[in-house]
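Student: Fold the following, please.
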Amino acid sequence: MRVVHVSDCFAPRTGGIETQVGDLARHQVRAGHDVHVLTATLGEAGERGGVVDVEDGVHVHRLGARLPFDLPVNPLAGARLTREALVGLRPDAVHVHAGVVSPFAFDGVRVATALGLPTAVTWHCMLDGVAELGRPVVRRTRWREVPAALSAVSTAAARRVRELFDARVDVVPNGIDLDAWAPAPDVPVTDDGPVHLVATMRLAPRKRAVPLVDVVAAAARRLPPAALRLTLIGDGPARDAVRARVAATGLQDRVDLRGRLPRPQVRDAYADADVFLAPARLEAFGIAALEARTSGLAVLAHAGTGVGEFVTDGLDGFLVADDAEMTEAVVLLARDRELLGAMRARARSTPPPFGWDHVLAAADAQYARAASLAGR
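Tutor: Predicted coordinates for the structure are as follows:
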């Protein structure tokens with residue numbers, strides 16, 4: 001099968017959508033598919049305008065333009081280049097990956113469906129606040145009856161998409177290599193020393209890294225000195241604000257800001273941690289939380305997000321209502337090491353069902369549904 005993925009963002013940019021599209025494409029290549037990615041993201045050396053490079057067997061078509069801030073869009077030629085690529089490739093399935101604002105991806109939907117190609121669209125975001133405003137627009141445009149198989153990365157995200165389109169919306173979850181992230185079986189869970197908290201995220205306002213520091217500071221004030229330490233992995237525009245809040249709360253000796261790390265070093269950090277904190281309120285899936293959960297960490301996240309797909313409240317973590325409840329959960333686990341140990345033991349013994357075989361099957365089901373909608 002020839003599969004073409006369409007995504008505004010792709011490597012060398014880093015982030016949730018980019019990582020998942022890249023991983024999905026590589027696993028499809030290993031499964032024997034001919035896989036292409038159309039993206040508005042420029043290459044490492046600024047490749048653009050239709051340049052194709054091959055990465056791990058995936059043909060990456062760089063259709064972007066040189067713009068300020070390296071914005072992943074091509075407002076003048078993106079649709080034309082996408083159409084030329086799709087006409088030339090004649091794919092069996094077009095898989096579009098969308099966020100709240102994805103002009104290149106939405107052009108991909110328009111072009112692919114106009115060509116009569118089987119088209120699947122997966123949302124990697126939470127559309128909170130969008131459905132009420134967007135529903136009238138959908139009803140007055142071609143989106144009302146778009147012949148595409150709609151999906152989202154979690155049940156929580158799918159519910160928002162369903163509200164917007166009033167149509168069937170399935171789930172195509174994110175995936176990980178379960179064996180690579182599984183903890184070593186012979187490493188014991190200890191209950192001595194400070195509770196090691198860890199968070200991995202892009203340091204951007206919507207990921208709420210600054211409020212995370214406040215949560216840890218509030219918990220630390222209620223616990224003995226040196227009861228907690230935090231490792232924060234990631235980088236982004238909120239980096240300076242995070243550093244300032246760490247200093248303002250007096251946590252300099254308890255917070256280690258590691259910056260962006262490659263995956264092997266993230267796995268090493270999780271091997272020495274106890275609890276993963278996911279402070280974002282609009283988390284469509286939470287791949288970093290899934291990696292931590294698979295590594296055997298207890299996970300604290302907000303209820304109603306995609307993290308609820310793989311964390312069971314009270315068993316391998318807590319799904320909290322707000323930051324105050326997250327603070328309470330941190331304090332509880334720091335004081336009750338037996339409970340923390342039981343949560344970690346459950347996480348270690350019960351891998352989540354998001355291996356790549358499961359994800360590839362979910363994607364294939366969407367391609368079959370898309371083909372039916374396209375009359376193939």
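Student: Run through the helices of the stretch 101-250 of the chain in chain order.
Tutor: Here the stretch 101-250 of the chain has its helices, by DSSP state H, counting those that start in this stretch, at 103-114, 131-139, 155-165, 178-181, 209-221, 239-248.
Student: And those helices: which comes nearest residue 193?
Tutor: helix 209-221 (15.1 Å; CB to CB). From N, CA and C alone the C-beta is placed, and that goes for glycine too.
Student: Would you mind getting the angle between that closest one and helix 239-248?
Tutor: Angle of helix 209-221 versus helix 239-248, following axes from the mean of the first three to the mean of the last three CA atoms, to 10 degrees, is 20 degrees.
Student: what helices or strands is helix 209-221 leaning on?
Tutor: Here helix 209-221 touches strand 195-200, strand 228-233, helix 239-248, strand 275-278, helix 323-335, going by 3 or more CB pairs under 8 Å, 6 or more residues apart in numbering; DSSP states H and E.
Student: and the angle for it with helix 323-335?
Tutor: Calculated by the same axes, to 10 degrees, helix 209-221 forms an angle of 50 degrees with helix 323-335.
Student: who touches helix 209-221?
Tutor: By CB atoms under 8 Å, 6 or more residues apart in numbering, the residues outside helix 209-221 that reach it are 197, 199, 201, 203, 227-228, 230, 232, 234, 236, 238, 241-242, 245-246, 249-251, 254-255, 277, 279, 323, 326-327, 330-331, 334.
Student: How about stretch 39-52?
Tutor: Residues from elsewhere that reach stretch 39-52 (CB under 8 Å, 6+ apart): 6-13, 18, 53, 59-66, 70, 72-74, 77-78, 81, 84-85, 104.
Student: Now mean pLDDT, distance to residue 163 and mean neighbour count too, for the helices and strands packed on helix 209-221, in CSV please.
Tutor: Listed next are the helices and strands packed on helix 209-221 as CSV, based on pLDDT from 0 to 100; distance: least, CB to CB, whole Å; neighbours: other CB atoms under 10 Å:
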stretch, mean pLDDT, distance to residue 163, mean neighbour count
strand 195-200, 97, 30, 23
strand 228-233, 97, 34, 22
helix 239-248, 96, 33, 15
strand 275-278, 98, 24, 27
helix 323-335, 98, 26, 19
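Student: Out of those, which gets nearest to residue 91?
Tutor: Closest to residue 91 of the helices and strands packed on helix 209-221 is strand 195-200 (CB to CB; 33.8 Å).
Student: which residue packs closest to residue 223, ignoring adjacent ones?
Tutor: Excluding its sequence neighbours, the residue lying closest to residue 223 (CB to CB, 6 or more residues apart in numbering) is residue 334, at 5.4 Å.
Student: and residue 361, how many residues sit next to it?
Tutor: Neighbourhood size, residue 361 [other CB atoms under 10 Å]: 10.
Student: Tell me if it really is in a helix.
Tutor: Yes: counting by DSSP: H, G, I helix; E, B strand; the rest coil, residue 361 is part of a helix.
Student: CA atoms only: put stretch 135-152 into CSV for me.
Tutor: C-alpha atoms of stretch 135-152 as CSV (Å, rounded to 0.1, in the frame of the first residue of the first chain):
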residue,chain,number,x,y,z
ARG,A,135,-20.0,24.2,14.1
PRO,A,136,-21.8,26.9,12.1
VAL,A,137,-18.8,27.2,9.8
VAL,A,138,-18.7,23.5,9.2
ARG,A,139,-22.4,23.4,8.4
ARG,A,140,-22.0,26.1,5.7
THR,A,141,-18.9,24.7,4.0
ARG,A,142,-17.7,21.6,2.3
TRP,A,143,-16.6,20.3,5.7
ARG,A,144,-20.2,19.4,6.4
GLU,A,145,-20.1,16.3,4.1
VAL,A,146,-16.4,15.9,3.6
PRO,A,147,-15.8,12.3,2.3
ALA,A,148,-13.0,11.5,4.8
ALA,A,149,-12.6,9.1,7.7
LEU,A,150,-12.4,11.3,10.8
SER,A,151,-10.4,10.2,13.9
ALA,A,152,-8.6,11.6,16.9
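Student: And the contacts of that stretch?
Tutor: 96, 109-110, 112-113, 118-124, 158, 160-161, 163-172, 284, 362, 366-367, 369-370, 373-374.
Student: so how far is it from its chain's centroid?
Tutor: On the basis of CA atoms, centre = their mean, to the nearest Å, stretch 135-152 is displaced by 23 Å from the centre of the chain it belongs to.
Student: Which positions in it come out as buried?
Tutor: 138, 143, 146, 147, 148, 149, 150, 151, 152 (16 or more other CB atoms under 10 Å).
Student: The residue lying closest to residue 153 once chain neighbours are set aside: what secondary structure?
Tutor: Excluding the flanking residues, the one nearest residue 153 by CB to CB, 6+ apart is residue 285, at 4.3 Å. Put simply, residue 285 is coil when judged by three-state DSSP.
Student: got it, and residue 257?
Tutor: strand.
Student: returning to what we had before: ok, so of the buried residues of stretch 135-152, who is nearest residue 290?
Tutor: Residue 290 has its nearest neighbour among the buried residues of stretch 135-152 in residue 152, at 15.5 Å by CB to CB.
Student: And what about the nearest residue to residue 18 once chain neighbours are set aside, helix, strand or coil?
Tutor: Among residues not flanking residue 18 along the chain, residue 9 sits closest, at 4.9 Å (CB to CB, 6+ apart). Secondary structure assignment for residue 9 (three-state DSSP): coil.
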